[in-house]
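Asker: Task: produce atomic coordinates for the following.
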Amino acid sequence: MDFHDISARGLVLLGCGKMGSAMLSGWLGRGLSPASVWVIDPNPSEWLLVQGVHVNASLPASPAVVLVAVKPQMMGAALPAIAAMGGGDTLFVAVAAGTTIATYEAVLGAATPLVRAMPNTPAAIGRGITAICGNTVATEADLALAEGLLSAVGQVVRLEGEHQMDAVTAVSGSGPAYVFHLIETLAAAGEDQGLSPALALQLARATVAGAGALAEASDETPAQLRVNVTSPGGTTAAALAVLMDPATGFSALLRRAVKAAADRGRELGK
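Answerer: Here you go, the predicted structure:
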């Protein structure tokens, strides 16, 4: 992306944990000058301190972007430090789960251009997916700038509006944990059938990772890929008869799980 405006005015990164570090690494790798980045973090990592960026230094008065990447429970203490930048032409991009646009606007002012984003943890290896939506004063240029910055850690999709964010959080934000649990339980089931723990885990991890990569790379739908693997009356069909049971299978279980996550997101956003 073109970092011209950021290079001229600066970018402030509020919070540089795993997600902030992944984004910063992506920006620097794409040619953003370290001298144009200011990071605020109470516990800067050794990695951060050698990147050549400004760390906990005096901030520019009107940076191009402030990217908020602190945990939701730290938001109350962190936002006042950058509240004075609100209400102008500084774009705020916020990646904290459960914190609504209205919450940011209450601190920064309703005239502040703001993009709310929900990334996920595969961003750490550049394989994340981030959903974004803007407030009423965020322009197409603001959304494009946020999309460019967040594309440093994976795919970016735009939502119809903030009302979809709890569903996104429940599917892709929390979703990696569901997949990690699938790997855990598939390995445990392999142990039950006589495999060693190490071999069962190796098989489960590679199978889930490989199937996910195939699903992403293939032009066929996941449903068709499933059919391709399933011989009538074979071993896969026997397993799928259990997994696809309408009452007790994956479908019913995941619908309940995703609904629970979305409901909790709505509670946290109040």
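Asker: How about residues contacting the longest helix seen in the chain?
Answerer: Using DSSP state H to define each element, the chain has its longest helix at helix 197-217. With CB atoms under 8 Å, 6 or more residues apart in numbering as the test, helix 197-217 has contacts from 179, 182-184, 186-191, 195, 222, 225. Every residue, glycine included, has its C-beta placed from N, CA and C.
Asker: And that helix, what's buried?
Answerer: Of all the residues in helix 197-217, those buried under the rule 16 or more other CB atoms under 10 Å are Ala200, Leu201, Ala204, Val208.
Asker: same question, stretch 118-131
Answerer: Buried positions in stretch 118-131, judged by neighbour count with 16+ other CB under 10 Å: Met118, Pro119, Asn120, Thr121, Pro122, Ala123, Ala124, Gly128, Ile129, Thr130, Ala131.
Asker: and what of stretch 98-109?
Answerer: Neighbour counts over stretch 98-109 (16+ other CB under 10 Å) mark Gly98, Thr99, Ile101, Thr103, Tyr104, Glu105, Val107, Leu108 as buried.
Asker: how about the residues you listed in a markdown table, adding distance to Val157, pLDDT and secondary structure?
Answerer: Converted to a markdown table, the buried residues of stretch 98-109 look like this (distance: CB to CB, whole Å; pLDDT from 0 to 100; DSSP: H, G, I helix; E, B strand; the rest coil):
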| residue | distance to Val157 | pLDDT | secondary structure |
| --- | --- | --- | --- |
| Gly98 | 19 | 76 | coil |
| Thr99 | 19 | 85 | coil |
| Ile101 | 17 | 94 | helix |
| Thr103 | 23 | 89 | helix |
| Tyr104 | 21 | 91 | helix |
| Glu105 | 23 | 93 | helix |
| Val107 | 27 | 89 | helix |
| Leu108 | 25 | 92 | helix |
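Asker: Show the residue spans covered by the helices in this structure.
Answerer: 4-9, 18-29, 46-49, 75-78, 101-108, 140-150, 165-168, 175-192, 197-217, 222-229, 235-243, 250-268.
Asker: Noted, bye for now.
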